[in-house]
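Student: sequence-free structure coming up:
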C-alpha cells in the first residue's frame, strides 16, 4: 500500500506569472521540514504538490503534523496511490477508507479525471464509485450538500489517488517569499504571536532580544530562545540576536527623567534593532505592541518610538485584545513558555509614573542629555547571534 | 600528555574560581559518597530482592546503610525507611501518619515556617476538613515551645515542626515541644522535618523523641534523589505507594542501592567530622558577620542563636535576584530566599515581621565543609561592588 501527500496551495494559486517562484519557496520549505523523517520526492502539477515517500518506514502521521504548520498550504490530504483502472480504485476505497466510511453516516464522491485517456468520465466515476460504496457499507447514505466524508478519486497522469480526509493547512504565504523582517522579542505573550502572524504573510524572521544582566537572568534569555524554538515549527530557522543592554539601561536611569525611562528605552531598542536589521538585509521590524495595553503603547508613545525608525514597523497585534492574542499564543504553543515568571529588561526599571502622553520634542531633548551613540555601537558590536532551528 | 595536563589545570582553575555558597539548596557530592555510589553501579549492582548472591550483596549494603543512619540518630535500624528525598519523607509522615491515625482528632499544629513539602500536604488536609493551626515566632523572632504546646488539645492529631529553618538558620525548640506535647496528649503524632539539621547538628532520638523525622541526602553531600524517614516503633502510618513489598511494604520500589550507599557514606563523613565542621562553620559565620556589619546597607536576618552554616542578609535597595545574578557573574553562587519558590515572597521572612523591602532584598549564604575564609572575602568584596554599582530598584 503506497501513500502519498497531496498539497493544495493557498493564496499562491492566485498569483500570476510568478506563481512558480512562490511554489518553489513552498517546496523548499516543505522539503526542509520533512527532511529528518526520510526521503521524499516532490512533483508540482495542476496547483498541487505531490509528495511521495521514497522509503517504506516513513512516519506519515508525523509528516502530516509538520505540514499543518507550514505556511502557504491551504489544505492537504493523505491519499492512496492505485493503478489507473476502476477495479483498483474500488479496491483502494475498500482497503484504505473502510474505517472512515464505517464510522460515517453520510458521504459523497468527488471524482476528477485529468488524464483524458481514462475510459470513464468524472461523472461516471462518481456515480459508479458511489454505488459501489453504498453496496459495501449498508448504513451509509449519500449527502451531496453536507457530507461527513468526501471520498475523492483522482485520475492523473501517472496514477490514480484515493483519499477521504482533507486536512486544513496553516494558510498564508510560504515563509521567505515576502522577504525578511526582524522581530523584537521580549519573552511576553505578544511578541511571539506577532512573529507568527508576520511569518504567515511570508516573511522570514530574525529575532532581537535585549538582556540586562545582572538585572535579568540567563533563565529569562533561555525562555526567549525556547519561544523562538517553538516559533520555528511555523517560521523555519530564526537567527536570534541577543543584545547586551545593561549599560544603556543604566545610562537612561542615571541621565534621563524617570517618567520617560520606558519610552527612551524603546527608542534605543528600535535604533539597535534597526542597525541589526540593516546588517542582515532585513526590511522591517515587527513588535508585539497593542494600542493602550501599557503606558508605552499609547498612541503618543508609539509615535515617539516610531520617530526613530526608518524602516517599516509591523505591529500585527495592534488592534487585538489580550484575550485574542492569548488564544493564538495557545494555538501555536508559545503561551505556556511566555508566562514563565522571569523578569525581562522591559520590566526591571519600570518607572512608578510613566509618561503616557509624551511629547516628541521633550523626549528628544531628554534623550539628548546623554550621548547614547557610543553605547549603542558597543551593544551592536557585542551582540551574540545564535541560529535557532526547528526542534527536530 | 601536555594537553591532558592543560585540561587538568583548567579543571583545577574552575574549581578554584567557583565559590558556592548555596549549600542549603544542595551540596557538591563528597568523594566517599561518589565512590560508594559508583561501586554499587559498577560492581554491587544486584537487586536487593534477588535470591542469589548478588542480591544478598546489594541487600547487605542497604542494611548497613540503615545501620549507619540509625547510629547517627541513636535508634534501631528497623526505624529507618529510605525514600526518594525529603519531599517524599515529609509527605509520607504527614499524609501517611494522618491516614492511619485520623480517629485521634482533626487539629494539626505546625510552625508558620515549614517547607513547601509540609505546607502543601497540610493544605491538602485542610481541604479535607482538618483544622491547621500555625504557630508564629514571637516578637524577638524566636519560637516558643509553649506556643506549640498551648495549641495542642485533646483533638490534636499531629504536630509538624521543622528542626532548622532553611532560610534563616533558626533552630526550633523541638526537644521541648516534643516533651510538652507528649505530656499533654499522648496520642498526638509528632513530625520533625530535620532536613537542614541532620548530619550537621547533634540530633538524637533520646532528646528528640518524635514519631517521624525527615532527612535528605543531597543537603549533606550525597546525591539528589535519596532521603530517609525515621519512624518510631509502634507508630502507625499508611504508605503512599503500593507494590513489590520492599522495605517491609512501608516504602515499595526497588531500593536505589547506589544512592543509599552514597547517602550512607556521606552521613558517615558528616558524623565523624561533626565537631570539626561545626567549629569551622562557627569561625566562618563570625568572620562573615563581622565583615557584613561593616557595610552600612546590609542587615542580618538570621538569629544570633541559629545554626552557623546559614546566614540570611538583606542589602538595602537591591532586589535579591539582581544581587544573585551580579554575584553569579563572578562565579559566586548564593540563594535568594528559598531556592524552591522562584519569584514568590518568602513566607518565612514574612512571618518574622520583616518589611517587604527587606524580604525582597534578602539573600542566603550557606556554607559547606569546603568553604574558606578567602571565599567569604571574595564574596564580601563583590557584594560591596554590587552595592556601589547596581541601580537600586527597591
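Tutor: Yep, it's here. Worth saying up front: this structure is predicted, and the values here are computed from it rather than measured.

Student: how about whichever residue of the stretch 1-150 of chain B sits closest to chain A, what does it touch?
Tutor: Closest approach between the stretch 1-150 of chain B and chain A, counting by CB to the nearest CB: residue B:22, at 14.8 Å. For every residue, glycine as well, the C-beta is placed using N, CA and C. With contact taken as CB atoms under 8 Å, 6 or more residues apart in numbering or on different chains, residue B:22 is in contact with B:333, B:334, B:335, B:339, B:364, B:366.

Student: Beta-bridge partners for it, please?
Tutor: On the basis of DSSP bridges, residue B:22 is bridged to residue B:366.

Student: quick revisit: out of the contacts of residue B:22, which are inside strands?
Tutor: B:333, B:364, B:366 (DSSP state E).

Student: which bits of chain B sit near chain A?
Tutor: By the rule CB under 8 Å from any CB of the partner chain, the part of chain B lying against chain A is B:321-329, B:342-343, B:390-391, B:393.

Student: which of those are buried?
Tutor: B:321, B:322, B:323, B:324, B:325, B:326, B:327, B:390, B:393 (16 or more other CB atoms under 10 Å in any protein chain shown).

Student: Nearest residue to the last one in space, ignoring adjacent ones along the chain?
Tutor: What it means is residue B:393. In this structure, residue B:393 finds its nearest non-sequential neighbour in residue B:319, 5.6 Å apart by CB to CB, 6 or more residues apart in numbering or on different chains.

Student: Quick check, pLDDT for that neighbour.
Tutor: Residue B:319 carries a pLDDT score of 90 in this model.

Student: Give the next helix or strand downstream of the helix or strand where residue A:100 lies.
Tutor: Element membership for residue A:100 (DSSP states H and E) is helix A:86-103. Using DSSP H and E, the next helix or strand after helix A:86-103 towards the C-terminus is strand A:106-113.

Student: contacting residues around that next one?
Tutor: Contacts of strand A:106-113 (CB under 8 Å, 6+ apart): A:101, A:120-123, A:125-126, A:129-130, A:133, A:140-144, A:146-155.

Student: Now go through those residues and say which are in helices.
Tutor: A:101, A:122, A:123, A:125, A:126, A:129, A:130, A:133 (DSSP state H).

Student: wait, the first one sits on residue A:140?
Tutor: Spelled out, that is residue A:101. Yes - using CB atoms under 8 Å, residue A:101 is in contact with residue A:140, at 6.2 Å.

Student: what's the overlap in contacts for the two?
Tutor: In contact with both residue A:101 and residue A:140: A:107, A:133, using CB under 8 Å, 6+ apart.

Student: Could you verify that residue A:270 is part of a strand?
Tutor: No - looking at residue A:270 with DSSP: H, G, I helix; E, B strand; the rest coil, it is helix, so not inside a strand.

Student: And it, how close does it get to chain B?
Tutor: Look at residue A:270 and chain B: by CB to the nearest CB, to the nearest Å, they are 23 Å apart.

Student: Contacts only, for that residue.
Tutor: A:184, A:285, A:305, A:308, A:309, A:313 are the contacts of residue A:270 under CB under 8 Å, 6+ apart.

Student: what's the answer for residue A:189, then?
Tutor: So residue A:189 contacts A:288, A:322, A:325, A:326, A:329, A:334, A:335, A:338, A:339 (CB under 8 Å, 6+ apart).

Student: Can you give me the distance of it to chain B?
Tutor: From residue A:189 over to chain B (counting by CB to the nearest CB), the distance is 17 Å.

Student: Grab the nearest non-local neighbour of that residue.
Tutor: Using CB to CB, 6+ apart, the closest residue to residue A:189 is residue A:338 (4.4 Å).

Student: And residue B:249, by the same measure?
Tutor: Using CB to CB, 6+ apart, the closest residue to residue B:249 is residue B:239 (6.6 Å).

Student: element containing that neighbour?
Tutor: Using DSSP H and E, no helix or strand contains residue B:239.

Student: Next, count neighbours for it.
Tutor: For residue B:239, the count of nearby residues is 17 (other CB atoms under 10 Å in any protein chain shown).

Student: quick one: secondary structure of the residue in the stretch 1-150 of chain A positioned nearest to chain B?
Tutor: In the stretch 1-150 of chain A, no residue comes nearer to chain B than residue A:69, which is 31.3 Å away by CB to the nearest CB. With three-state DSSP as the basis, residue A:69 sits in coil.

Student: That one and residue A:172 touch, don't they?
Tutor: No - with contacts counted by CB under 8 Å, residue A:69 stays clear of residue A:172, the gap being 10.9 Å.

Student: list the contacts for the residue most central in space within chain A?
Tutor: Chain A has residue A:234 as the residue nearest its centroid, 3.6 Å off, counting by CA atoms, centre = their mean. Taking CB under 8 Å, 6+ apart, we find residue A:234 in contact with A:69, A:70, A:71, A:170, A:175, A:196, A:199, A:200, A:332.

Student: Let me know whether the second one touches residue A:167 as I believe.
Tutor: Meaning residue A:70. No - between residue A:70 and residue A:167 there is no contact under CB under 8 Å: 11.7 Å.

Student: Please report phi then psi for the residue of the stretch 151-300 of chain A found nearest chain B.
Tutor: Closest to chain B within the stretch 151-300 of chain A is residue A:214: 3.4 Å, counting by CB to the nearest CB. Backbone geometry at residue A:214, expressed as degrees, to the nearest 10, gives phi -90, psi 10.

Student: neighbours of it, just the number please.
Tutor: 19.

Student: okay, now the domains of the chain?
Tutor: Picked chain A for this. A:2-170, A:179-388 (automatic domain parsing).

Student: Can you look at chain B instead?
Tutor: Split by automatic domain parsing, chain B gives B:10-30+B:274-389, B:37-271.

Student: Run through the residues of chain A sitting next to chain B.
Tutor: A:213, A:214, A:215, A:216, A:217, A:250, A:253, A:254, A:341, A:343, A:348, A:349.

Student: now that we have those residues, which one has the most neighbours?
Tutor: residue A:216 (27 neighbours).

Student: Surely that one is in contact with residue A:344?
Tutor: Yes - using CB under 8 Å, residue A:216 is in contact with residue A:344, at 6.0 Å.

Student: Quick check: closest non-adjacent residue to residue B:173.
Tutor: Per CB to CB, 6+ apart, closest to residue B:173 is residue B:145, 4.3 Å.
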